[in-house]
Structure formats: structure tokens, C-alpha cells
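Participant: Following is a predicted model, sequence given first.
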Amino acid sequence: MNEHALDFARRIERLERQNRRLKLGMLGLAAVFGAVLFVGAVTPQEIVEAEKFVLRDAEGRQRAVLQVPEWGPCLSLYDAAGTTQVALYINGSRPGVRLSDTNGKERAILEVDEGPLFALFDERGQQRAGIGVQETGDKTWPEGAAFFLFDADGRPRVTLDAFPRGPELVLHDATGKPIYRAPKATEGARQ
């Protein structure tokens, strides 16, 4: 091969390398331009709508659920074992919070209906204590506030009422029958 042919082959080889670099550069530029267009086309949503949201931890376990069943909205929080620990809800027009133990048994409830009500439960699910405020009275519970203690079988053992007619403390026997009342029952007082 003569020198002129070698020079010509080197120039072609150099042009081919430059052409490959130019093609790669244009491909990279096109990719960047495409990404800019894509990012510009995806604008943040101000409203996200869904029937249910599930939040999972890094291991894929369900840790929170926000949903709206037919009775009303509810946010449930779960422990690592998948047991519901906290539920925040509105049941109809009654907002509430339920707290459960690690076995999933409800241990405390706070609800507001015709007034706030707070109840505590034992490990068997039996109500053991409660306090409430009744803002509109009726025959079974007049307007006012009351505190209740129950035995392991769910029978009332102590009630302390603060009603418009005056306060009242009642102690009950094992059958739930009142055995002590202070002040003593007067005409018109709850029996």
C-alpha cells in the first residue's frame, strides 16, 4: 500500500470514530431532552383520590390503612405483627378512637355521641370502667356526668353521678344490687 492510501485509511478511521462519538452524543442529548419533556409533562397533583390507602413498611407489612367503609371513614394503625393497635373513625355522626392490645383486643374506647364516653376493657373484652357526659338526658341516664366501675363479670360495682339534681355515689353488691347510696335516695332521685 502506498503512503497516500494509508493516509486516506487513517482519515476515514478518524472520521468514523468522530461519527460514532457524534452519534452517542446526539443519543445522550436526545435522552436528556426526552427526560426534561417527560418531567415537565408530569405535574404534581393537588388532589389524590382513592377508595383506600394502604401504607407498608420496608418489609412490605401493612402498617396503616385509610378507608371509608359504608359506616364512615376510618384510619387503622397496625403493629409489626399486623395487629390493629389504633383505629380513628367516624361511625355515622359519632367520632371515636379505639385502642387495642398486642392481641388485638379492644382495651380503650373514646367516642362522642350525645356527649363524650370513655371506656376501659380487660383482656377478656369485659368493660371494667367508664366515664361519660350526657348532654341531653333521658330516663335511663339524665343530663350530667357519671363514672362507673364494673366487676370481672361486667356488673356495676361503683357509680358516681353528677346530675343537675345533685351528686350521687352508689355501691353495688356482686349481683349489681345497690347496697349503699349517698346521699340517701330522695323523692325523684334515680333508684
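Facilitator: Happy to help now that I have it. Numbers count the residues shown, from 1 in each chain.
Participant: what bits of this protein have low per-residue confidence?
Facilitator: Screening the chain residue by residue with the criterion pLDDT under 70, one finds the ranges 1, 4-5, 7-9, 15, 19-22, 24-30, 32-45, 137-142, 184-191.
Participant: ranges for the helices of it?
Facilitator: Assigned by DSSP state H, the chain shows helices spanning 3-41.
Participant: So which residues of it form strands?
Facilitator: For the chain, the strands defined by DSSP state E occupy 52-56, 62-67, 74-78, 84-91, 94-100, 106-112, 116-121, 127-134, 144-150, 156-163, 166-172, 178-182.
Participant: Output these as TSV; include the columns distance to residue 12 and mean neighbour count.
Facilitator: C-beta here means a position set from N, CA and C on the backbone, and glycine is covered the same way. Conversion of the strands of the chain to TSV gives the following (distance: least, Cβ to Cβ, whole Å; neighbours: other Cβ atoms under 10 Å):
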stretch	distance to residue 12	mean neighbour count
strand 52-56	59	11
strand 62-67	64	15
strand 74-78	69	17
strand 84-91	74	16
strand 94-100	79	17
strand 106-112	83	16
strand 116-121	88	18
strand 127-134	93	17
strand 144-150	98	18
strand 156-163	102	17
strand 166-172	107	16
strand 178-182	111	13
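Participant: Dump those into TSV; add distance to residue 3 as well.
Facilitator: Formatted as TSV, the entries for the strands of the chain read as follows, by distance: least, Cβ to Cβ, whole Å:
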stretch	distance to residue 3
strand 52-56	72
strand 62-67	77
strand 74-78	81
strand 84-91	86
strand 94-100	91
strand 106-112	96
strand 116-121	100
strand 127-134	105
strand 144-150	110
strand 156-163	115
strand 166-172	119
strand 178-182	124
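Participant: how about the residue most central in space within the chain, what does it touch?
Facilitator: Centre of the chain computed as the mean C-alpha position; nearest residue by Cα atoms, centre = their mean is residue 75, 2.8 Å away. Going by Cβ atoms under 8 Å, 6 or more residues apart in numbering, residue 75 touches 64-66, 87-89.
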